[in-house]
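Undergrad: Provided below for reference: sequence and predicted model.
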Amino acid sequence: MRAGRIFVVLAVAALGLGLFIGTAVAGKKKKTAVVFNSGSPSVSGKNVKARGSLKATGVCLVARGIKLFQTDASGNVLAILDSKSTDSNGNWNASGRIPSSVPANSQLYVQVKATKRTAGKFVCKAGFSPVIPLTSK
């Protein structure tokens, strides 16, 4: 009977330690916001250009993956136009070509995603820009 109690106490201690370590490994989650610069995005013919920056903790700005999507009005992805990374200050610049399958004179929308990244003890969450309608120049 005594050996059974010792086993239960050790099992409970191991579970408690596992929960503590699991929480410590997960890290602190940090939000990410994707912002377009003024005058961005723009379209000229079938070419789309977008510039902007990330709003996040300093360690979450460097070398974040950025994807420029063509979407419909509700945000459903129709095509990936470009993939890049941010500079050391969280600034990004992406450009791409609208697929030829898109009918002329149709309303175009774009969205940018910053990918999830782990930086030291921080987990930088993925972030999305709003869906932006494109206007031709």
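TA: Great, that's in hand.

Undergrad: ok, which stretches of this protein are strands?
TA: All strands of the chain, identified by DSSP state E, fall at 28-30, 33-36, 42-44, 47-55, 65-71, 77-85, 91-97, 109-114, 117-119, 122-124, 127-128, 132-133.

Undergrad: could those strands go into CSV alongside mean neighbour count, distance to residue 15 and mean pLDDT?
TA: Every residue, glycine included, has its C-beta placed from N, CA and C. Compiled in CSV, these are given as follows (neighbours: other CB atoms under 10 Å; distance: least, CB to CB, whole Å; pLDDT from 0 to 100):
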stretch, mean neighbour count, distance to residue 15, mean pLDDT
strand 28-30, 12, 23, 91
strand 33-36, 16, 38, 95
strand 42-44, 13, 56, 89
strand 47-55, 19, 39, 95
strand 65-71, 20, 37, 95
strand 77-85, 15, 40, 94
strand 91-97, 18, 44, 96
strand 109-114, 23, 36, 95
strand 117-119, 17, 26, 90
strand 122-124, 19, 24, 93
strand 127-128, 18, 35, 96
strand 132-133, 13, 48, 92
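
Undergrad: would you turn these into a markdown table with distance to residue 6?
TA: Supplementary listing: these in a markdown table, determined by distance: least, CB to CB, whole Å:
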| stretch | distance to residue 6 |
| --- | --- |
| strand 28-30 | 37 |
| strand 33-36 | 52 |
| strand 42-44 | 71 |
| strand 47-55 | 53 |
| strand 65-71 | 50 |
| strand 77-85 | 54 |
| strand 91-97 | 58 |
| strand 109-114 | 51 |
| strand 117-119 | 39 |
| strand 122-124 | 38 |
| strand 127-128 | 50 |
| strand 132-133 | 63 |
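
Undergrad: residues contacting residue 73?
TA: When contacts are counted by CB atoms under 8 Å, 6 or more residues apart in numbering, residue 73 touches 107, 109, 131, 133.
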